[in-house]
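> I would like the atomic coordinates for the input below:
(2 chains)
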Amino acid sequence: GAGVSQSPSNKVTEKGKDVELRCDPISGHTALYWYRQSLGQGLEFLIYFQGNSAPDKSGLPSDRFSAERTGGSVSTLTIQRTQQEDSAVYLCASSPVRGATEAFFGQGTRLTVV
Amino acid sequence: GQQLNQSPQSMFIQEGEDVSMNCTSSSIFNTWLWYKQEPGEGPVLLIALYKAGELTSNGRLTAQFGITRKDSFLNISASIPSDVGIYFCARTNGGGSEKLVFGKGTKLTVNP
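The predicted structure is shown next:
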């Protein structure tokens, strides 16, 4: 596609449920990032995938959070047993080649845990 | 050393005024990026800087990579209402990791 695509754009879920957020990066981009943005706040790094290298998971806030990237393309961020503090906008970004740091962002998924 | 200090946190200006915001780090890095985020959207890259001392313009926007490699500023000249948004600086984390670290953002409000 022309840009980074995220789905769903909005998700409301009940506390304790699991959710999956999807990111389709720009075709050919080898790097993929997940960030979390709480209301009025900056971008909190979650996880970074680069090609076939082991992902940098240093930003995942707890073991309820996990992400995978299949075939070096689509990525899924999974949050298990959601809590109200998980409510935020989850942003995905991709970058063209290793060492190129110009990340292109999707519009995000707004997650609301009720 | 990995945090970015971005200031000011917010700015309220009149249309036509010039704007300046900056970002500092206690460590040196090789890349500075400036992004703009409008409500309900993801951040969009404005300017990328790769060399110490580099000065780059994009229309009414000008950004510079500080000579010490620890800071960067972004200027917006002759602001217009559509400049409203949150401006983020970002850089690579260094140490072989290429993840992007973002500042907390500068929220800009332009009064017509």
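
> what's the burial count for the residue of chain B at minimum distance from chain A?
Among all residues of chain B, residue B:42 sits closest to chain A, at 3.2 Å; criterion: Cβ to the nearest Cβ. Bear in mind the C-beta positions are built from the backbone N, C-alpha and C, glycine included. Residue B:42: 23 surrounding residues under other Cβ atoms under 10 Å in any protein chain shown.

> equivalent analysis for residue B:39, please.
Neighbours of residue B:39 (other Cβ under 10 Å): 7.

> again, but for residue A:63
7.

> how close does it sit to residue B:43?
Distance, residue A:63 to residue B:43, by Cβ to Cβ, to the nearest Å: 28 Å.

> what's the pLDDT at the residue of chain A found nearest chain B?
Scanning chain A for proximity to chain B using Cβ to the nearest Cβ identifies residue A:105 as nearest, at 3.2 Å. Residue A:105 carries a pLDDT value of 94.

> for residue A:102, list the residues it contacts.
A:95-96, B:33, B:45, B:48 (Cβ atoms under 8 Å, 6 or more residues apart in numbering or on different chains).

> dead centre of chain A: give me the residue that sits there.
Residue closest to the mean C-alpha point of chain A, counted by Cα atoms, centre = their mean, is residue A:34 at 3.3 Å.

> of the contacts of residue A:102, just say which sits nearest to residue A:89.
Looking at the contacts of residue A:102 and their distance to residue A:89, the nearest is residue B:45, at 18.1 Å (Cβ to Cβ).

> hang on, the closest one packs against residue B:33?
Yes - using Cβ atoms under 8 Å, residue B:45 is in contact with residue B:33, at 6.3 Å.

> neighbour count: these two, which is higher?
Just comparing residue B:45 and residue B:33: by other Cβ under 10 Å the higher neighbour count belongs to residue B:33, 24 against 17.

> tell me, how many residues neighbour residue A:80?
Residue A:80: 14 surrounding residues under other Cβ under 10 Å.

> ok, it to residue B:45 distance?
As judged by Cβ to Cβ, residue A:80 and residue B:45 stand 33 Å apart.

> could you do residue A:86 as well?
Distance, residue A:86 to residue B:45, by Cβ to Cβ: 27 Å.
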